[in-house]
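[1] with the sequence up front, the predicted model follows.
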There are 2 protein chains.
Amino acid sequence: MREIRNDLYLRTLRGEKVERTPIWVMRQAGRYLPEYRETRKQAGDFLTLCKTPELACKVTMQPIDRFGLDAAILFSDILTIPDAMGLELVLEEGVGPVFNKPIRTISDIDNIHIPNMETDLSYVTSAIKVIREELNDRVPLIGFTGSPWTLASYMVEGSGSKEFRRIKGLMFEDPNSMHRLLQIVTDSVVDYLRAQVAAGAQSLMVFDTWGGMLSTDNYQRFSLEYMHQIVSSLKSDPVTQDVPVVLFTKGGGQWLEMMVETKCDGLGLDWTVDMAAAKARVGDKVVLQGNMDPVIMNTGEQQVMSGATQVLEAYGHHAPEDRGHIFNLGHGIQPFAKPENMTALVNTVKSHSTNYHC
Amino acid sequence: MREIRNDLYLRTLRGEKVERTPIWVMRQAGRYLPEYRETRKQAGDFLTLCKTPELACKVTMQPIDRFGLDAAILFSDILTIPDAMGLELVLEEGVGPVFNKPIRTISDIDNIHIPNMETDLSYVTSAIKVIREELNDRVPLIGFTGSPWTLASYMVEGSGSKEFRRIKGLMFEDPNSMHRLLQIVTDSVVDYLRAQVAAGAQSLMVFDTWGGMLSTDNYQRFSLEYMHQIVSSLKSDPVTQDVPVVLFTKGGGQWLEMMVETKCDGLGLDWTVDMAAAKARVGDKVVLQGNMDPVIMNTGEQQVMSGATQVLEAYGHHAPEDRGHIFNLGHGIQPFAKPENMTALVNTVKSHSTNYHC
């Protein structure tokens, strides 16, 4: 195994004592960056960007080169799995994701194509290999997936949704079919993450974007249960068992104690969660990742420095019983963010966080 | 004072021992009801419906007549205050609220017209008088407002929003102006609620639809602080001091303990909150209102009965130290809901809840 030059992110996720707080930013390779917009324009559209390993590598590297972040994240989309299942993903600027062939009947569930990682999703594993080559161990590479509930929501709604009445209708009226769909998705997600690790992903993140739309009870049964399965599968597979897994349920601040029971290594927190309170609740069991309000990145450097300092202060001193903190925003950075604010953010976290590690 | 025939809702909010759980439903006068759609058609548009006391009364009464709910709620919109402030509200089907003249500069804040309750908003107080007359004390009438943060969000965004970057931009970049705007709105909200009570509203609810978009810290400073002011003002005014106040922050499940400190009488809970956990946290301090997932109302009677039973069971037995429970959905009933499900819901709550009151 080659030596990793900056492995702060991985050491933190392993609960080791570190010298400062690592930082990466959700959607760090994104539209707020002029060089990203340029590459995206060359690619023609978002999916081509995802599906062309060299271009995916190029945009993955852009924020690493520009800002000196502590982790790279594979440039891809959470909906690659349903796309590979034959639902035909269309991503249009300003519209959000749409599936040409959403799940609308029970027989649509039966007819789901189970993706073959080596044929249907080789563009992802190829991208990971190209990125690892290019990274040359400068920083670790994060692979990711959408959560089964989140993927199923898109698959059944056919697009983003406000009220989720189709997917919730299925859940309330035919829970058995809902569970069957979730199990199919979960099995593919596990295969997918395993393939990502085999190709070179050094850490994994599960984005549960829509789990927060559920009641506590249904969150446990229809979202968390399947994330639990994912973590258990990964932890019992020799290929993936040493790869840290971070779970992120947007709107899941009420459920941190339950999420910890999955034995995941880290929890992503959205910006509504008070970091000090989260640390008191579960900080001795998992690494906490987050959680500055992303809108701050659209404002001024002063606000960014103050917002970052506040999050670091809220986590506070790293005592031996604390698993650790990874700085991030509470959700993806927005297209309106100012690139110079990323510089301010990274500098603030790098310099200020040393005060809390001693 | 005339005798109230069904005052179960008010007795529950006063923390009295009651014989069963009262029920009303957010947006109970709404598009899911054919008779509502008919009246709305006659009115031409939503705002005319709000601004014509006889029509507002008519739709307020429809669900009371049809389902035997335990409280009526004034038919109106949360945005009447900003409309009266001169921002020119436009409500179009499927588009959501839009202001023709949103707050875009600091001088827009200075130039806000402070609404005169007797001239600018007499249609609301007139509607309340007409409704009270028509109700003839069958059930109590709830008056309401949007929270200052929620109203300010609409005023600054100019419409609904996903990311709230304008209002949050103002909050982060010019907190003093943000506070000034919130104070102006709060003062008018207090006047407005006082006028509603003077006209006959017997209970009040504050809808904080967008407080859940804030970090814990900013929620306290920019939303809760102003709701706290509202409750304090009402409780120290002889006109309003005996009128119970319920606060509802959508997405506020993490903050119940803080909300209780306002000394409000009740807390509305959205469907993500576990009712049993909420009761354990604050059930001895406030009445809890909620919180079945509204999407269940779009499914079958069996699901409705089971969903209602689950919420009642989660609150459980009403012990002497428990302040009480008002059944409601966790958010407004949707246009796709089936009217017959309301019948099933009301019957289930009325019959089943007696088991927990003894």
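    Yes, it's here.
[2] which residue packs closest to the closest residue to chain B within the stretch 51-200 of chain A, ignoring adjacent ones?
    Residue nearest to chain B within the stretch 51-200 of chain A (Cβ to the nearest Cβ): residue A:168, separated by 4.1 Å. (C-beta placed from N, C-alpha, C; glycine too.) Spatial nearest neighbour of residue A:168, chain neighbours left out: residue B:295 (4.1 Å); criterion: Cβ to Cβ, 6 or more residues apart in numbering or on different chains.
[3] in the helix or strand of chain A with the lowest mean pLDDT, what counts as buried?
    Lowest on mean pLDDT, DSSP states H and E among the helices and strands of chain A sits strand A:89-92, with a mean of 88. For strand A:89-92, the neighbour count (16 or more other Cβ atoms under 10 Å in any protein chain shown) marks A:89, A:90, A:91 as buried.
[4] now distance to residue B:251 too, for the residues you listed, in CSV please.
    Output for those, formatted as CSV (distance: Cβ to Cβ, whole Å):
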residue, distance to residue B:251
A:89, 29
A:90, 30
A:91, 27
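[5] on that earlier part again, could you count how many residues lie near the residue nearest to residue A:168?
    Neighbour count for residue B:295, taken as other Cβ atoms under 10 Å in any protein chain shown: 28.
[6] where in the stretch 51-200 of chain A is pLDDT low?
    Scanning the stretch 51-200 of chain A for pLDDT under 70 picks out no residues.
[7] so which bits of it are right by chain B?
    By Cβ under 8 Å from any Cβ of the partner chain, the residues of the stretch 51-200 of chain A that approach chain B are A:163, A:164, A:165, A:168, A:169, A:172, A:173.
[8] 10 Å instead?
    Contact residues (Cβ under 10 Å from any Cβ of the partner chain) of the stretch 51-200 of chain A with chain B: A:160, A:162-175.
[9] and these, which are buried?
    The neighbour-count test (16+ other Cβ under 10 Å) applied to these identifies A:163, A:164, A:165, A:166, A:167, A:168, A:169, A:170, A:171, A:172 as buried.
[10] in a strand, residue A:267, correct?
    Yes - in this structure, residue A:267 lies within a strand as judged by DSSP: H, G, I helix; E, B strand; the rest coil.
[11] report pLDDT for residue A:262.
    Note for residue A:262: predicted pLDDT of 98.
[12] restricted to helices, list the buried ones among the residues of the stretch 51-200 of chain A next to chain B.
    A:165, A:166, A:167, A:168, A:169, A:170, A:171, A:172 (DSSP state H).
[13] residue A:193: which of the residues you listed is nearest?
    Nearest to residue A:193, judged by Cβ to Cβ, of those is residue A:167 at 22.6 Å.
[14] mind listing what that closest one touches?
    A:103, A:149-150, A:152-157, A:161, A:178, A:181, A:210, A:213-214, A:222, B:295 (Cβ atoms under 10 Å, 6 or more residues apart in numbering or on different chains).
[15] same check on residue A:268?
    A:26, A:205-208, A:246-250, A:252, A:259, A:287-291, A:326, A:328-331.
[16] returning to that earlier point: which residues does the residue nearest to residue A:168 contact?
    By Cβ under 10 Å, 6+ apart, the neighbours of residue B:295 are A:163-169, A:171-172, A:213, A:215, B:271, B:303, B:307, B:329-331, B:333-334, B:336-337.
[17] helix/strand/coil for it?
    helix.
[18] so how far is residue A:241 from it?
    38 Å (Cβ to Cβ, to the nearest Å).
[19] check what pLDDT the residue nearest to residue A:168 gets.
    pLDDT, residue B:295: 97.
[20] from residue A:156, how far off is it?
    13 Å.
[21] so what's the residue lying closest to residue A:93 once chain neighbours are set aside up against?
    Distance criterion Cβ to Cβ, 6+ apart; nearest residue to residue A:93, sequence neighbours excluded, is residue A:46 at 7.9 Å. With Cβ under 10 Å, 6+ apart as the criterion, the residues that contact residue A:46 are A:31, A:40, A:77, A:89, A:90, A:91, A:92, A:93, A:97.
[22] can you do 8 Å?
    A:40, A:77, A:91, A:93 (Cβ atoms under 8 Å, 6 or more residues apart in numbering or on different chains).
[23] just the buried ones from the residues you listed?
    Neighbour-count burial (16+ other Cβ under 10 Å) applied to the contacts of residue A:46 gives A:40, A:77, A:91.
[24] name the element the first one belongs to?
    When secondary structure is defined by DSSP states H and E, residue A:40 falls within helix A:34-43.
[25] tell me the angle the longest helix along chain A makes with helix A:165-173.
    In chain A, taking DSSP H as the definition, the longest helix is helix A:175-199. For helix A:175-199 against helix A:165-173, the angle by axes from the mean of the first three to the mean of the last three Cα atoms, to 10 degrees is 120 degrees.
[26] from residue A:342, how far off is the residue of the stretch 51-200 of chain A closest to chain B?
    Taking Cβ to Cβ as the criterion, residue A:168 is separated from residue A:342 by 37 Å.
[27] now swap in residue A:322 and tell me
    Distance from residue A:322 to residue A:342, counting by Cβ to Cβ: 27 Å.
[28] comparing these two, which residue is more hemmed in?
    More neighbours surround residue A:342 than the other of residue A:322 and residue A:342, with 23 against 17 (other Cβ under 10 Å).
[29] could you look up the SS state of the more buried one?
    Following three-state DSSP, we place residue A:342 in the helix state.
[30] check contacts around it.
    For residue A:342, the contact set (Cβ under 8 Å, 6+ apart) comprises A:25, A:28, A:63, A:66, A:67, A:297, A:333.
[31] can you rerun that using 6 Å?
    The contact partners of residue A:342, taken as Cβ atoms under 6 Å, 6 or more residues apart in numbering or on different chains, are residue A:67.
[32] okay, it and chain B: tell me how far apart.
    Between residue A:342 and chain B the distance is 16 Å, computed by Cβ to the nearest Cβ, to the nearest Å.
[33] what about residue A:132, helix or strand, and which?
    For residue A:132, the element it lies in under DSSP H and E is helix A:122-135.
[34] could you export the next helix or strand after that helix as PDB, CA atoms only?
    Per DSSP H and E, the first helix or strand lying C-terminal to helix A:122-135 is strand A:141-146. Taking Å, rounded to 0.1, in the frame of the first residue of the first chain, the C-alpha atoms of strand A:141-146 are listed here in PDB:
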ATOM      1  CA  LEU A 141     -11.000   9.700  -2.100                       C
ATOM      2  CA  ILE A 142     -14.600   9.400  -0.900                       C
ATOM      3  CA  GLY A 143     -17.100   7.200  -2.700                       C
ATOM      4  CA  PHE A 144     -20.800   7.600  -2.200                       C
ATOM      5  CA  THR A 145     -24.400   6.500  -2.800                       C
ATOM      6  CA  GLY A 146     -27.900   7.700  -2.200                       C
END
